[in-house]
Each structure stands twice: as structure tokens, then as C-alpha cells.
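**Q** Fold the following for me, if possible:
(chains A and B)
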Amino acid sequence: MQLIRIKFAKGEELRFLSHLDLMRTVQRIFRRARLPLAYSQGFNPHPKIAYSPALPVGVTSDTEYLDVELAEKLQLREIKKKLVEQSPPGLEIKELVEIKPEARALNVVINRAEYEVRGDINISRDQCAACLEKLLAKREILVKKTTKKGMKEKNIRPGIFNLECAEDQSGPYLKMLVLAGSLGNVRPEQVLEAIDKECALRVDTPRIKRTGLYIFDGERYLSPLAEGC
Amino acid sequence: MQQYIRDRILPTVQKPARYMGNEWNIVKKSWEDVKVKMAFAFPDVYEVGMSHLGLQILYGLVNEQPDFLLERVFAPWVDMEERLRKKEIPLFSLESYHPLKDFHVIGFTLQYEMSYTNILNMLNMAQLPLLSEERPHGPLVIGGGPCAVNPEPLAPFFDCFLLGDSEEMLLEVLEVVGKYVEGEGKVRKEPLLKELAGIQGVYVPSFYRVQYREDGTVDNVTPVNEAAPERVKRRVLDDLDRSYFPVKPIVPYTEVVHDRMMLEVMRGCTRGCRFCQAGMVYRPVRERRMETLLKQAEELVAHTGHEEISLTSLSTADYSCVRPLISTLLDTYQDRGINVALPSLRVDAFSVDLAREVQKVRKSGLTFAPEAGSQRLRDVINKNVREEDLLSAVTGAFKAGWTGIKLYFMIGLPTETEGDLLEIARLAKEVLAIGRRELKEQGKKAKPTVTVSVSSFVPKAHTPFQFEPQDDRQVLKEKQELLARHLREKGLKFKWHNREMSFLEAVFARGSRKLAGTILAAWKNGCRFDSWEEHFNFDRWQAAFEQTGVNPDFFANRRVDYDEVLPWDHIDVGVSKRYLIKEHRRAIEESTTSDCRWDGCTGCAICQRFGVDNRLWGERHATD
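**A** Residues are numbered from 1 along each chain as shown, chains lettered A, B, ... in the order given. Modelled structure (predicted):
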């Protein structure tokens, strides 16, 4: 038996896959690679694979994680090689580490997500900074949320930890650090909606990418690869 | 364009993964280096089309050839259609995002009549004229699949139809197309069609003139081009075992209707159910050897990573090596987390036994299709199932742990009486009673459920019942209501098929070229996705019949004489009309006909006329 944590990227080619689609895809990669998945007990055995907080449809990511249990112990290098061979374009296997059985689930320990939003921004960088400052000064930022029972309003302000206008060689972009995981999720589209409402800042055809998932312990931001080892 | 679609359009539609491409095992060929480009067009959504084995067979077969390529296109869902039309983006293929009009050949698969308006819609979205004569330079629009055995209602829209097993003839067709290719999306169509008409299985509708009598029936269908044969013979793949099979099928990302590996164990069925078109037009029975299937399974598993192997055919329990095949597959793959699935069960204990072996979790119910409630009517339709077969099958199912049974019946069958209908209700209640008794004996708390699912008989071309009328819609309504009244009991569920859809199916299944205008009118009235309840709109269809002066009852509800010239008589699927008449007479006499794969020739004539034979590899099952 062996527990492995895998860091992978979900690129442009697969950005419209839902979380369920991704789960199916990963299982099939493991089967094609003939890696000995461990199965749950019971009438309807399913492979023991657990994921980091679900990525919204349409969003790409540099940093997704999954934990998988294999029935046999194999060399990490060998596992990586086989996975890479069987992965479709857009799914990049980045790093593998072995984790201890007592490691807590990804969805439980991960509590922060970082996103970048690129696209044409309709106001200048100074105006952008002023807008975000104004927004963050609020105690309450209400966004509409569709639930099974209908529309509900949700305050996302407590889940926004950083929001800034940034710029690099490919141009200006928005950067945000928000709540993620089992305690709640703030979706980047919700933040964009709030910004638009606050000061009509719009990103035309936004391309959203998750650039980080972290474990924040109150002081430090830890990588999920470092935890659980 | 691809980038534009991905950035601007896909984020705004439902299920964008339908239009994404990039699946595992997709074949992307260099556009410039390939001589003949063909698009395989499935006139329904991605999830339906990707569940179709024929697509995967032809996709693999054509793409293995260096000079040809085959790319896919499906009917865009209504939201996607709206976006594409608004931006004037022509319909494109999933592999290269090339507009459909740049291909030399566009091949539609004709799986069901209710997809016809989608074909017109797709051609229109491709910015192509709908009528064959308005496309003198191509692309060549071709059709194949089950509805091609009577393609007459679609005749003016298509350049040609391929009749029969396409993997046997498509490469030959593309080879000929290659001689007449002229740049992007262009072919020299006139000489091309002439040469194609000489290939067995190719039907060029414009080479035939249809003359009608005053009463609307066909007087004659006459070839008007010297290249066209008197009757077009279906192409029959003789040896399925040695035929091409795609072991690297495309693996969809998004969930499709049949999300599994498909192992085709055989093709054709000779049970001879008299309403069944597939059982007539896919003869003879051609099995694959077990060793071949096991090799194909190994490759499928390695190349797809799927979690289930489905054994497909018209009636898999009839495959002569079914038992050893299933146990070998289970022994080999169970530990690797791969299940085996049987898509169709015969009504007998043997089938339940097989189901018990493959389905470790009794999650879904078991489905059986006795088709008719009384023995008399089952004899009429030649569904050789006895009541004790059904009762022992369901007893076995309840004993094995299933709690839900689904029963399929047809109403409106020839000679049906009220008594036959009441037998459906009686049978359902009997099954439910067995369930109660069996579950009680096992000390289970669960209550059994019996779902009775009823469709309406549709007379189909090339079947013994092609001469029979469909019941009037009002009569069908009364029959459905009668059943509903008699199926009110705790544990019984009653479902019925939309009768207006069944009516349209009957109209087109036995339709002539006179209906082409109606399809066009219906499409103009806004009809599309007619097989989807949420889009089906019968009023628009009725308006279309009125606008075109066509009386649909003439096609659906009329009894046809044996000596009448039928719109599809010039299409020769192998089974002779004499046999169909003989079988129809036997039906009225309530006599059954045996299965020729086990009991000797019944005279359908295909083997003698086409030089083929039933090909079985194993012994007949002991339980038969």
C-alpha cells in the first residue's frame, strides 16, 4: 500500500471539464497506466482518490492536487512516467510525493486559493486600485447565489484576503486570494461580479487561472505538498 | 476562429465540453496532406452521438488511411446554435474546427426518423444549400445507417445513400471521391455520382424517377441514368470476425449516454420478430470468435481506461459463446476494477443467470421485453417467448436480489384486441405478486416495483408488418388510457411513449419522396430535436403537412396491399418481398416461424441471393 499526493495542472485544452469529468478522466489515466489502484470495500468498490477543492468550469489551474492510494508500493519516478504517458494534453502531472496515512484530506487542510484574472480591463490601473480599495473597505459584499432552494445572498467579504491590480509583461491583471475548501469557497466570478457592481470595473472575456492552493495555519502559507509528509 | 469560439462562445453555453474536442484517442491529421476529407455528422447532441459504435468504427477505419481523414460534428444544442448563428460562424468539426463546407464529403448517420429536421438544420448552419441539386460542386452529402433502408423522404437533400455495413464500402467510396476532388469542399459531382452508382450498396436517388398514381401510391420507380441499377443491393459484410474493429476509440471527457467500451459480439438477428426492422435488414447472423473478442477487449482496456465492457449486439444472450466469454472477461478484469455489462436481456432464466454473473451490485432493475401480453399476440408478432419463460425469468431475478423489473410492451400491434391489452395488466400484476412473495420469503423489507413501459407499434419498411396500418392516434390514446386504468396498484408504474412522435415515425418510416417538402416546411416552422420531449412540437408538424398539402395518415394509418409498389421496393436489403408477404400471412394465422440459425432455413432468401451465411462459432446453449 502506498499513499501519494500529486500536483497537476489543468490547462486550456481541458478548461471546460467539470470536476466530475476530471475525476473520470483521472481514473481512466490510472487504468490506462495500469497502476494498481486500491479500491474501497463494499458492494460498489471505487478507487480511493481524493481531490483538492473543485475548480469551477472554465477555469484553468497551475496547482491542483489529488491523493491516491495504490495497492502496491512503486517508485515515484516510475509512477510519474506512466501517468505522463497516459495523460491527455492539458493535464500536466507536475510533482509526486509520498504522504503518511495520517495525512489529513486535501479538502480539509486547504483553505486558501489564489486566482489570476486576465483580459481587457476597462479602466486604468490607478482607477482599478482605487476601486478595489473601496470595495475592500466594506464589511459586507453581497453576491447572489443560486441554491437548491432558489436565489440567496451571500456575504463574500470575510472570504477575500487579498485583491489587487497587478501587471507583468503580458499586461495588467487582477489577482486575488480567497477562501477555499471545506469551510467555504469564494468563486472568482463572484468577486468579479462584486467589482463590477462597485465601480463598473469589467474584464472582457476573462481568462481565469488558479495559481495557488494553500494551507494557511494562521501565520504561514504552506504548500499541500509539504503538509502530510 | 478556434480561439474565438473557446474564449467568447463556449463560456456562455451549457455543457461546453460537447464542443471542445481534444478527447483521448482523437485523431488530428494534417489538413493539407490529406486528399479526401470527410465529416461524420451525427444529427443529435454529442452525448448521444458519442455512444454510437458505428461512428467509432468508421472514425478509426478512415483515419488509418493516409489519404483520407474523418472528423466529427454533432448537432449543436439550441443555445449553441443561437450563438453561432448570431456571430455567423459556420458549423465546424471538432477535430480541426474546419467549417463543414470545406470537407469533400459530409456523411450523416440516419439512426431515427425524428432526427431528420436536425439534418437540415446542420446543413443550414454549415451555410450549405439544403437540396442536392443546389450543390452541383459539392460537398457530397451522403447518408447511411438503419433509416437508409427507406431514405425516400430525404431523397432530394442527399447525393447518395450507403445501404448496409458501411465499413465494407466506405473506403471504396472515398477512393472514388478522390478521383473527382477539386480543392476545398469541391468535387466534380456529376461524374462522381455516376461512378459511385456502380458500387454495390450505393444508392443515388436523383438517378431514379418516381411516378405516382392518382391515389398517391407509387406507380413505378425507374432508373433514369444508365449507371443506376434497377434495384440497389445492400452491402453485406460477410465475415465480422475478420472485419475492422476500432480498438482505440475516442474516450469522451464528459459523460455520454453509453460511457463504456463496446465489444460487438455479433451483428444481425434471425429471431424473426415481425415488427423488427433491425431483425430483417441486418441479416444474416455474423458472430465474432471469442478469441478475437478477448484480444479486442485487452486492447480496448489498455487504450481507453474505461471501467465497463459492454457486450453489444441485437441480442447478446444469443451469442453462441456468451457464457465462456463473460466468465473469461470477469476472470481477467474484475480485479482491475472493470465490469462487464449486458445491454439487452432475452426473456428467460438463462439471461437472468448471465445478468447475475455480471452485475455484482443489483443497482438498477432488470428489463425484459415480452412485447405483447397474450400468447396469441406474441405468436402473431413471432416473439417466441412463453409466459413461463417470463415468470421464471422474473422469479430468478427476484431470487437473485433485484427488486425492480421493467417490462416493455407494444400496443397497436396487428390483430390486437382489448383482451390482449388486459393481458398486459394481468401479466404485470402477476410479476408484482411474484416479487412480493419472493422478497417476503427472503425476509426483505424492500417492496418490489414493476414498471410497465409501453410504446406504440410503428410499421417499418422491409418488415412483414410493412403492410399494416398504425392505429389511429385516438385509438392509441384510448388504449393507453385503458392500460392506465388497469395498472393502478401500489408498486406498479406505467409509462407510455408519446403517440404523436410514434405517428411521425410511422409517417416517415413508410414515407415517399412526397414528404421531403414537409420535412423542409417543418424545419422552417422551427422543428428540431424532435426526439427530445422538451423540443417536440406536433403543432408545427401539423402546420407543415397542411402547408405542403400532404396527408400524413396516408403513410401511417393505411393498410397496404401486397401488390402495391412501395416507395422502397427498389432498395434490396436481401430479404425478399415474397418472404415478407409469407411472414405477414403467417402472422394473421397466428403461426410462428423458427430461428434459422438453429432450425433450418425459413426462406428469407438473403443467403442464396447475396452469397452469405449465418456464421456461428459456438454450440447452441443447453438451455434453449
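
**Q** And the strands in chain A, which stretches?
**A** Assigned strands in chain A, in chain order: A:2-10, A:49-51, A:60-70, A:91-98, A:112-121, A:142-147, A:150-155, A:160-168, A:171-179, A:203-216, A:221-222 (criterion: DSSP state E).

**Q** need the least confident one among the ones you listed, by mean pLDDT.
**A** In terms of mean pLDDT, the lowest-scoring of the strands of chain A is strand A:142-147 (a mean of 83).

**Q** now that one against strand A:150-155, angle please.
**A** Put simply, strand A:142-147 runs at 140 degrees to strand A:150-155, going by axes from the mean of the first three to the mean of the last three C-alpha atoms, to 10 degrees.

**Q** Going by neighbour count, which residues in strand A:142-147 are buried?
**A** Residues of strand A:142-147 classed as buried: residue A:143 (neighbour count, 16 or more other C-beta atoms under 10 Å in any protein chain shown). To be clear about C-beta, it is placed using only N, CA and C from the backbone, and glycine gets the same treatment.

**Q** Might you name the residue of the stretch 201-350 of chain B sitting closest to chain A?
**A** Scanning the stretch 201-350 of chain B for proximity to chain A using C-beta to the nearest C-beta identifies residue B:305 as nearest, at 3.1 Å.

**Q** Got the phi and psi for residue B:200?
**A** phi -60, psi 130 (degrees, to the nearest 10).

**Q** who are the neighbours in contact with it?
**A** Neighbour list for residue B:200: B:169, B:233, B:235 [criterion: C-beta atoms under 8 Å, 6 or more residues apart in numbering or on different chains].

**Q** Please convert those residues to JSON lines, extending it with distance to residue B:383, pLDDT and neighbour count.
**A** JSON lines is the format used below for those (distance: C-beta to C-beta, whole Å; pLDDT from 0 to 100; neighbours: other C-beta atoms under 10 Å in any protein chain shown):
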{"residue": "B:169", "distance to residue B:383": "32", "pLDDT": "97", "neighbour count": "21"}
{"residue": "B:233", "distance to residue B:383": "29", "pLDDT": "97", "neighbour count": "18"}
{"residue": "B:235", "distance to residue B:383": "29", "pLDDT": "97", "neighbour count": "21"}
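
**Q** Mind checking which of those residues land in helices?
**A** Using DSSP state H, no member of these falls within helices.

**Q** Centroid-wise, who is the farthest residue in the chain?
**A** You didn't pick a chain, so chain A it is. Residue farthest from the centre of chain A, counting by C-alpha atoms, centre = their mean, is residue A:43 at 31.7 Å.

**Q** that's the wrong chain, I wanted chain B
**A** In terms of distance from the mean C-alpha position of chain B, residue B:443 ranks first, at 42.5 Å (C-alpha atoms, centre = their mean).

**Q** Look at that one and report its pLDDT.
**A** If you check residue B:443, the pLDDT there is 91.

**Q** Does it belong to a helix, a strand or coil?
**A** Taking DSSP: H, G, I helix; E, B strand; the rest coil as the rule, one finds residue B:443 in the coil state.

**Q** Same question for residue B:94.
**A** coil.

**Q** How about the contacts made by residue 156?
**A** Using chain A. Taking C-beta under 8 Å, 6+ apart, we find residue A:156 in contact with A:141, A:142, A:143, A:178, A:186, A:190, A:191, A:194.

**Q** Actually, chain B is the one I wanted.
**A** Contact analysis of residue B:156 by C-beta under 8 Å, 6+ apart lists B:131, B:132, B:133, B:205, B:513, B:516.

**Q** if you set the cut-off to 6 Å instead, what comes out?
**A** Listed by C-beta atoms under 6 Å, 6 or more residues apart in numbering or on different chains, the contact partners of residue B:156 are B:131, B:516.

**Q** One more: residue B:37?
**A** By C-beta under 6 Å, 6+ apart, the residues touching residue B:37 are B:69, B:103, B:104.

**Q** care to break chain A down by domain?
**A** A:2-101, A:109-222 (automatic domain parsing).

**Q** Mind putting those domains into a markdown table with distance to residue B:586?
**A** Output for the domains of chain A, formatted as a markdown table (distance: least, C-beta to C-beta, whole Å):
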| stretch | distance to residue B:586 |
| --- | --- |
| domain A:2-101 | 47 |
| domain A:109-222 | 57 |
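
**Q** Over to residue B:587. Which of the three states is it?
**A** Residue B:587 ends up helix, using three-state DSSP.

**Q** Residues of chain A that sit close to chain B?
**A** Within chain A, the positions near chain B by C-beta under 6 Å from any C-beta of the partner chain are A:13, A:16-17, A:21, A:25, A:28, A:31-32, A:43-44, A:58, A:88, A:205.

**Q** Can you select the buried ones from the residues you listed in ChimeraX?
**A** Remark: buried members of the residues of chain A next to chain B, expressed as a ChimeraX selection using 16+ other C-beta under 10 Å:
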select /A:13,16,17,21,25,28,31,32,58,88
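
**Q** Would you mark the buried spots in stretch B:425-432?
**A** Within stretch B:425-432, the residues scored as buried using 16+ other C-beta under 10 Å are B:425, B:427, B:428, B:429, B:431, B:432.

**Q** And stretch B:536-546, by the same measure?
**A** For stretch B:536-546, the neighbour count (16+ other C-beta under 10 Å) marks B:536, B:537, B:538, B:540, B:541, B:543, B:544, B:545 as buried.

**Q** How about stretch A:23-38?
**A** For stretch A:23-38, burial by neighbour count (16+ other C-beta under 10 Å) applies to A:23-33, A:35-38.

**Q** Just the pLDDT for the closest residue to chain B within chain A.
**A** Closest to chain B within chain A is residue A:28: 3.1 Å, counting by C-beta to the nearest C-beta. What the model reports for residue A:28 is a pLDDT of 96.

**Q** I'd like the distance between the closest residue to it other than its chain neighbours and residue B:248.
**A** Nearest non-adjacent residue to residue A:28, counting by C-beta to C-beta, 6 or more residues apart in numbering or on different chains: residue B:305, 3.1 Å away. Residue B:305 is 12 Å from residue B:248, where distance means C-beta to C-beta, to the nearest Å.

**Q** So between these two, which is more surrounded?
**A** Ranked by neighbour count (other C-beta atoms under 10 Å in any protein chain shown), residue B:305 and residue B:248 place residue B:305 first, with 23 against 18.

**Q** Now the nearest residue to residue B:76 once chain neighbours are set aside: phi and psi?
**A** Distances taken as C-beta to C-beta, 6+ apart put residue B:84 closest to residue B:76, at 6.4 Å, once the chain neighbours are dropped. Per-residue torsions, residue B:84: phi -70, psi -40 (degrees, to the nearest 10).

**Q** So what's the residue count around residue B:84?
**A** For residue B:84, using other C-beta under 10 Å, the count is 19.

**Q** residues near residue 124, how many?
**A** In the absence of a named chain, chain A is used. For residue A:124, using other C-beta under 10 Å, the count is 11.

**Q** look at chain B instead
**A** For residue B:124, the number of neighbouring residues by other C-beta under 10 Å comes to 16.

**Q** Is residue B:73 in a helix, a strand, or coil?
**A** Of the three states, residue B:73 takes strand under three-state DSSP.

**Q** residues in contact with residue B:508?
**A** Residue B:508 touches B:113, B:153, counting by C-beta under 6 Å, 6+ apart.

**Q** From residue B:147, how far off is the spatially most central residue of chain B?
**A** By C-alpha atoms, centre = their mean, chain B has its centre lying nearest to residue B:111, at 4.4 Å. As judged by C-beta to C-beta, residue B:111 and residue B:147 stand 7 Å apart.

**Q** Nice, that's everything, thank you.
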